[in-house]
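In: can you look at this prediction? I've put the sequence above it.
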There are 2 protein chains.
Amino acid sequence: MTKKDEFDLKDFLPYLLNQAAEVTSREFQTYYRRRYGMLRTEWRVVFHLGRYGDMTATEICDRSMTHKTKVSRAVKALEKKRFIKRTVVEEDKRNETLSLTPSGRAAFKDLFSAARTYNETVTRRFTAEENDVLRACLAKIADT
Amino acid sequence: MTKKDEFDLKDFLPYLLNQAAEVTSREFQTYYRRRYGMLRTEWRVVFHLGRYGDMTATEICDRSMTHKTKVSRAVKALEKKRFIKRTVVEEDKRNETLSLTPSGRAAFKDLFSAARTYNETVTRRFTAEENDVLRACLAKIADT
DNA sequence: ACATATTAGTTGCTTTTGTAACTAACAAGG
DNA sequence: CCTTGTTAGTTACAAAAGCAACTAATATGT
C-alpha cells in the first residue's frame, strides 16, 4: 500500500484523520449548534459534567486534552447561557466545581442521546470487528 | 461496546477522530512550520502540486475538500514566499494554473519524504491488517 | 446582441483559536 | 512570617478560519 513512489494522500494518516474528523464533527455539530447555540468545546464540557459528574475546569482539561483557555471560555459562555454554574471550593478557593443547571441537564440528556444515535449511524457502516479495530487504532494514536 | 448506559467518549467517533487528528496534525506540522513557515493549507497545496502536477485552485479545493477562501489565502502566502507561481490560462482567463517554483519543488521533496517517514512511524504501530481497516474506515467516513 | 446566470477567485468583516502574560490562592522552605 | 514557587483560572493581543458580499470572465437563453 505504501510503495515508495505511490505514496499518496489516501495513505497519509494526518490527512485521512483530518478529513474524517472534519466530516463527523460537521455533521454532529448541527445538533448542539442549532438546538443550543453551543460550540464544540462547550458541548464537550457539558458532556463531561453530564456523563462523569461535577468536576473542575482543570479536570476537564486533563480528561479531554483541551487547553485551559478553551475550557475557560467555554465555561464562561455556558454560564451566561445558564447551562452550568460554578461553586468555589471552600477548602481551596482557586478551584471551582462546575455543575449542570436543570436546563443544562436537559440539554445534556438530549444531546447525549443524539450523540448515541449519530454514533450508531456511523457505526452501522462497519462490521463489529472493523469498529473494534478502528476505535483501538484511534485511541492508540490519540494517547501518545 | 456500546451498551446503552455505558456510552462513553471513548466510543464516540467524532471525539476519537478529533483527538487522533489533532495529535498527528500537531506532530507533523512541526516540519512544514519550522522548516518552511507553512500553514496546514499551504502544505496541502504544495503537496497537491508536487504530487499530482500543476492545477488550478479550484481543482485543489475539490480534491481536498477545502474551502476556496482557505486555498486562496494559502496560494497568496505561498506566492509571497516564492514557493509557487500562477499563470493565467489564456483560453479562460478566470483560471490560473498553479505550479511550484524550484524552491517550492525542493520544499515539496523534503516534506514529501518527511511525510512518508512520519507516516511510517505511525503505521508501524499497527499490523498490516489493522492499517488496512483503519484507512478503509477513514476513507469511507470522509467521503460522505 | 443583451440581460441573466455561472464560475474562478478575492476581500472585508466577524468569530474562534493560540500564545503568553497576568491575577489570585495556596504551598513550602528558611 | 516572608520570599519563592506552583496551581487554577482569566484576559489581551495576534493568528487563523468562516461567511458573505464582491469583481471579473465566460456561458446561456431569448
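Out: Sure, I can see it. Numbering: from 1, shown residues only, chains lettered A, B, ... in the order given.

In: ok, the closest residue to A:Ala114 other than its chain neighbours - how many residues close by?
Out: Using C-beta to C-beta, 6 or more residues apart in numbering or on different chains and skipping the chain neighbours, the partner closest in space to A:Ala114 is A:Tyr31 (4.8 Å). In this view, the C-beta of every residue, glycine as well, is placed from N, C-alpha and C. Residues near A:Tyr31, counting by other C-beta atoms under 10 Å in any protein chain shown, number 17.

In: give me phi/psi at A:Tyr31?
Out: Here is the backbone geometry of A:Tyr31 (degrees, to the nearest 10): phi -60, psi -60.

In: host element of A:Asp92?
Out: Using DSSP states H and E, A:Asp92 sits in no helix or strand.

In: run a quick neighbour tally on it.
Out: What A:Asp92 shows, counting by other C-beta under 10 Å, is a neighbour count of 8.

In: where in chain A is pLDDT low?
Out: Flagging of chain A using pLDDT under 70 yields the residue ranges A:1-5.

In: show me what contacts the nearest residue in space to A:Tyr52 that is not next to it in sequence?
Out: Leaving aside its chain neighbours, A:Tyr52 sits nearest to A:Arg63 (7.6 Å; criterion: C-beta to C-beta, 6+ apart). The contact partners of A:Arg63, by C-beta atoms under 8 Å, 6 or more residues apart in numbering or on different chains, come to A:48, A:52, A:55.

In: neighbour-wise, which of the residues you listed leads?
Out: Neighbour max across the contacts of A:Arg63 (other C-beta under 10 Å) = A:His48, 21 neighbours.

In: close enough to count as contact, that one and A:Met65?
Out: No: using C-beta atoms under 8 Å, A:His48 makes no contact with A:Met65, being 12.0 Å away.

In: what sits against the nearest residue to A:Lys68 once chain neighbours are set aside?
Out: Distance criterion C-beta to C-beta, 6+ apart; nearest residue to A:Lys68, sequence neighbours excluded, is A:Cys61 at 5.1 Å. Contact analysis of A:Cys61 by C-beta under 8 Å, 6+ apart lists A:67-68, A:71.

In: how about those in TSV, adding secondary structure?
Out: Output for the contacts of A:Cys61, formatted as TSV (DSSP: H, G, I helix; E, B strand; the rest coil):
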residue	secondary structure
A:His67	coil
A:Lys68	helix
A:Val71	helix
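
In: can you tell me which of those has the most neighbours?
Out: Busiest of the contacts of A:Cys61 [other C-beta under 10 Å] is A:Val71, holding 23 neighbours.

In: so who does that residue touch?
Out: A:41, A:45, A:57, A:60-61 are the contacts of A:Val71 under C-beta under 8 Å, 6+ apart.

In: repeat for A:Pro14
Out: Contacts of A:Pro14 (C-beta under 8 Å, 6+ apart): B:21, B:24-25, B:27-28, B:118-119.

In: near DNA strand D, which residues of chain A show up?
Out: Counting by C-beta under 7 Å from any atom of the strand, chain A comes close to DNA strand D at A:56-58, A:68-69, A:71-73, A:75-76, A:94-96.

In: sort out which of the residues you listed are buried, if you could.
Out: A:56-57, A:71, A:75, A:95 (16 or more other C-beta atoms under 10 Å in any protein chain shown).
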